[in-house]
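Engineer: Take a look and give me a structure for this.
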Amino acid sequence: MRSDWILDVLTDLKTFARSNGMPALAEQLDDTAIVAMAEIAAMKDAQHGQRHHGEAAVGTHFGGLGKG
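Structural biologist: Here you go, the predicted structure:
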């Protein structure tokens, strides 16, 4: 299943945000695209038998947001 279509959607949203005076949203969408790329890479690795045990392919754990 091709899941990287979401990156195209995020790019379109970011372009819209920048064109319509929403720089904070555009910046957040950049961050969201990074998370999406990591998740897609992790899914592809898992499909090929290479698990990261809950961590993104870049080695960053995204769980536990807000914990000290």
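Engineer: for whichever strand or helix holds residue 10, which positions count as buried?
Structural biologist: Here residue 10 sits within helix 5-19, counting by DSSP states H and E. For helix 5-19, the neighbour count (16 or more other CB atoms under 10 Å) marks 10, 13, 14, 17 as buried. The C-beta positions use only the backbone N, C-alpha and C, and glycine is treated the same way.
Engineer: from those residues, which single one is nearest residue 44?
Structural biologist: Closest to residue 44 out of the buried residues of helix 5-19 is residue 10 (17.7 Å), distances taken as CB to CB.
Engineer: Hmm, residue 32 and the closest one touching each other?
Structural biologist: Yes - in this structure, residue 10 is within contact of residue 32 by CB atoms under 8 Å, at 5.9 Å.
Engineer: Report all helices and strands that the helix or strand of the chain with the lowest mean pLDDT contacts.
Structural biologist: Ranking every helix and strand in the chain by mean pLDDT, DSSP states H and E puts helix 23-47 at the bottom, with a mean of 94. When contacts are defined as 3 or more CB pairs under 8 Å, 6 or more residues apart in numbering; DSSP states H and E, helix 23-47 packs onto helix 5-19.
Engineer: returning to what we had before: so which other helices or strands are in contact with the helix holding residue 10?
Structural biologist: helix 23-47.
Engineer: and the angle for the helix it packs on with helix 5-19?
Structural biologist: Relative orientation of helix 23-47 versus helix 5-19 (axes from the mean of the first three to the mean of the last three CA atoms, to 10 degrees): 170 degrees.
Engineer: Pull the distance from helix 23-47 to the chain's centre.
Structural biologist: Put simply, helix 23-47 sits 1 Å off its chain's centre (CA atoms, centre = their mean, to the nearest Å).
Engineer: quick one: contacts for the nearest residue to residue 10 once chain neighbours are set aside?
Structural biologist: Once flanking residues are discounted, residue 10 sits nearest to residue 33: 4.7 Å by CB to CB, 6 or more residues apart in numbering. Taking CB atoms under 8 Å, 6 or more residues apart in numbering, we find residue 33 in contact with 7, 10, 11, 14.
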